[in-house]
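Undergrad: with the input below, show me the fold.
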Amino acid sequence: MHRVEEIVRGSRFVTILARAPDAEAANTFVQRIEAEHPDATHVCWAFVAGPPGSTRSVGLSDAGEPHGTAGRPMLTVLLHSGVGEIVAVCARWFGGTKLGTGGLARAYTSGVSLALETLSVVLRRDRSLVEIEVSYAHVDGVRRALEDLDAKLIGEDYGEAVCYRATVPVGNLEELKNRIADLSRGEGSVRDPAR
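TA: Next up, the predicted model:
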């Protein structure tokens, strides 16, 4: 959970970000923040519960603010942030000065932008589990290929041939298959252990 606060013409805006791997987690987080701030004038929110920029699983709420002044601007910032699996909740306490629709949209946009600027993120790469089988002559080449392609070795068996179990970033899987085929002159194999 990451929190920032701004005062805009007397109104207090507290924006809170959290990880939301799915819509259920996002909605649970929204309810938690609403319960923590029962005195807030509005608790608006938006989420992208999927890969960065994906609109497959999104949600938003203006929570009583004029239509399109809170949830939509917050969602737009999230969609263009390069961050996925994220929920933003902004609690607002009215400060006595009306901000107008443009002012509200700018304030909610600013809160999410500020929170994202100071958010620590972790790059997540989807990985595939593979089994690699080669002769002993190709062990050094396989280990170099695994290291070059950010594969994580999770097991190895030495029998008539050498069998490695590793996880490989999905985007590097074809390159790994090609490298193993090249270095073993087509004798090695890379396969999904579930098949």
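
Undergrad: what's the following helix or strand after the lengthiest helix in the chain?
TA: If you go by DSSP state H, the chain has its longest helix at helix 100-117. For helix 100-117, the succeeding helix or strand toward the C-terminus, using DSSP states H and E, is strand 127-134.

Undergrad: and the helix or strand following that next one, what does it pack onto?
TA: Downstream of strand 127-134, the next assigned helix or strand under DSSP H and E is helix 139-148. Here helix 139-148 touches strand 162-169, helix 173-183, going by 3 or more Cβ pairs under 8 Å, 6 or more residues apart in numbering; DSSP states H and E. (C-beta placed from N, C-alpha, C; glycine too.)

Undergrad: winner for burial among the ones you listed?
TA: When the helices and strands packed on helix 139-148 are scored by mean count of other Cβ atoms under 10 Å, the highest mean neighbour count falls to strand 162-169 (a mean of 19).

Undergrad: by how many degrees do it and helix 139-148 diverge?
TA: Relative orientation of strand 162-169 versus helix 139-148 (axes from the mean of the first three to the mean of the last three Cα atoms, to 10 degrees): 10 degrees.

Undergrad: okay, the helices and strands packed on helix 139-148 in CSV with distance to V43 and mean pLDDT next?
TA: Below are the helices and strands packed on helix 139-148 laid out as CSV (distance: least, Cβ to Cβ, whole Å; pLDDT from 0 to 100):
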stretch, distance to V43, mean pLDDT
strand 162-169, 38, 92
helix 173-183, 43, 92
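
Undergrad: can you pull out the low-pLDDT segments for this structure?
TA: Applying pLDDT under 70 to the chain flags residues 123-125, 194-195.

Undergrad: residue nearest the centroid of it?
TA: G84 (3.1 Å; Cα atoms, centre = their mean).

Undergrad: not counting its neighbours along the chain, what's nearest that one?
TA: P52 (4.0 Å; Cβ to Cβ, 6 or more residues apart in numbering).

Undergrad: I figured the one you found was touching V58, is that so?
TA: No. Using Cβ atoms under 8 Å, P52 makes no contact with V58, being 12.0 Å away.

Undergrad: take the helices and strands packed on helix 139-148 and lay them out in TSV including distance to D192.
TA: As requested, these are exported to TSV (distance: least, Cβ to Cβ, whole Å):
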stretch	distance to D192
strand 162-169	11
helix 173-183	10
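
Undergrad: of all the ones you listed, which lies closest to A145?
TA: helix 173-183 (4.4 Å; Cβ to Cβ).
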